[in-house]
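Asker: model the following, please.
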Amino acid sequence: MSDQTIQPKLIIHGGAGGSLKGKGGVEVVRRSLYKVLEEVYPLLLSGASAKEAVVRGCHMLEDDPRFNAGTGSVLQSDGQIRMSASLMDGRTQRFSGVINVSRVQNPIHLADTLQTSADRVLSDVGSAELLRELQIPIYNPLTDIRLQEWMQERQANFTKEMAGVVAEKELIADGSARRGTIGVVALDCMGNLAAGTSTGGKGFERIGRVSDSAMPAGNYASRYAAVSCTGIGEDIIDECLAAKIVVRVTDGMSIGAAFERSIGEARANGRDLGAIGIDSTGAIAYGKTSEVLFAAYHDGEKMGDTLE
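Answerer: Alright, predicted model coming up:
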């Protein structure tokens, strides 16, 4: 494809789950998501690659303490934060990621570094060694709200299966569980696609539990489509959702039809999840079985979202 022949597209998410309390909660999350679109979309217009845009978008969402990734990540049952992230460049169809990494500000940075490595997915020990090699400063992603959330659940002997997505007490709806992940999918002006996903996990989970975010089940891209997922990781893994959607598009199905069929299958199987995606034509798609998908997008003309 010749330069500047493709209109860039961008879609991001900050998790999925129960509805936000009131209009105020919706507006706060909308502002957080639109801030990312307002910075990252111009990068795509100026010629940044899809991978570069995805890394920047994930970086910003990881730095926003409202979301369960990077700063603001939830605590596991032992009171420790362990984060996972992955990046997939559709141009090279190369996947990289880190699993259960601690003491780092931006796990997506490690995933990006591993794109050029012979060993592209590292667990906790390997990720810690990579941090040392890169001389990245030690960072504590813990926030007061997440610590209070964990302490309350500890007193209740961890009766909840997972923590909240949005780390603002007044924004979290009572009742249903909330699932936290952040993700970015981009199409650049050269027609290349990329997807990135990052998470702090479910919260309160068994030590060593691995999420879908550092697997092709939760984050996948090719020359034809790119998808990032959110929701209950085990449900996403069981559906192999991101890879399934991308393969269906690769085999000739439109991305809209691929989402409709895949989300329909997940709903029939009782799954709780959501996903966002873009195909090589620039079509944007998203779907969910959960009540709300916290997503926003730039379609080349305007910004929009899925919050209401």
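Asker: shaky segments in the protein?
Answerer: Along the chain, the model assigns pLDDT under 70 to residues 1-4, 21-24, 158-179.
Asker: helices of that one, start to end?
Answerer: Assigned by DSSP state H, the helices in the chain fall at 22-45, 50-63, 107-113, 124-134, 144-155, 233-239, 241-250, 255-268.
Asker: of the ones you listed, which is nearest G191?
Answerer: Judged by CB to CB, the one of these that comes nearest to G191 is helix 50-63, at 9.0 Å. Where C-beta positions appear, they are placed from N, C-alpha and C, glycine not excepted.
Asker: the inter-axis angle of the closest one versus helix 22-45?
Answerer: 150 degrees (axes from the mean of the first three to the mean of the last three CA atoms, to 10 degrees).
Asker: buried ones in helix 50-63, by neighbour count?
Answerer: 50-62 (16 or more other CB atoms under 10 Å).
Asker: between those, which sits nearest I138?
Answerer: Of the buried residues of helix 50-63, the one sitting nearest to I138 (CB to CB) turns out to be E62, at 16.0 Å.
Asker: which residue is the nearest non-sequential neighbour of that closest one?
Answerer: Distances taken as CB to CB, 6 or more residues apart in numbering place G70 nearest to E62, at 2.7 Å, with adjacent residues excluded.
Asker: surely that neighbour and I81 touch.
Answerer: No - contact criterion CB atoms under 8 Å: G70 and I81 do not qualify, at 9.7 Å.
Asker: check contacts around the closest residue to R271 other than its chain neighbours.
Answerer: Spatial nearest neighbour of R271, excluding adjacent residues (CB to CB, 6+ apart): D235 at 3.9 Å. Applying CB atoms under 8 Å, 6 or more residues apart in numbering to D235 gives the contacts 266, 271-273.
Asker: by neighbour count, which of those wins?
Answerer: L273 (29 neighbours; other CB atoms under 10 Å).
Asker: surely it and E239 touch.
Answerer: Yes - the criterion here is CB under 8 Å, and L273 meets it with E239 at 7.2 Å.
Asker: shared neighbours, those two?
Answerer: A266.
Asker: dump stretch 15-33 to PDB, restricted to CA.
Answerer: This file holds the C-alpha atoms of stretch 15-33, laid out as PDB (Å, rounded to 0.1, in the frame of the first residue of the first chain):
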ATOM      1  CA  GLY A  15     -12.600  -3.200  31.000                       C
ATOM      2  CA  ALA A  16     -16.100  -4.700  31.100                       C
ATOM      3  CA  GLY A  17     -18.800  -5.500  33.700                       C
ATOM      4  CA  GLY A  18     -21.700  -3.900  35.500                       C
ATOM      5  CA  SER A  19     -23.000  -0.500  34.700                       C
ATOM      6  CA  LEU A  20     -21.400   2.600  36.200                       C
ATOM      7  CA  LYS A  21     -23.300   4.400  39.000                       C
ATOM      8  CA  GLY A  22     -25.100   7.400  37.500                       C
ATOM      9  CA  LYS A  23     -24.200   9.900  34.800                       C
ATOM     10  CA  GLY A  24     -21.200  11.100  36.800                       C
ATOM     11  CA  GLY A  25     -19.500   7.800  36.600                       C
ATOM     12  CA  VAL A  26     -20.000   7.500  32.900                       C
ATOM     13  CA  GLU A  27     -18.600  11.000  32.300                       C
ATOM     14  CA  VAL A  28     -15.500  10.300  34.400                       C
ATOM     15  CA  VAL A  29     -14.600   7.200  32.500                       C
ATOM     16  CA  ARG A  30     -15.500   8.800  29.200                       C
ATOM     17  CA  ARG A  31     -13.000  11.600  29.900                       C
ATOM     18  CA  SER A  32     -10.300   9.100  30.800                       C
ATOM     19  CA  LEU A  33     -10.800   7.200  27.500                       C
END
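Asker: noted, bye for now.
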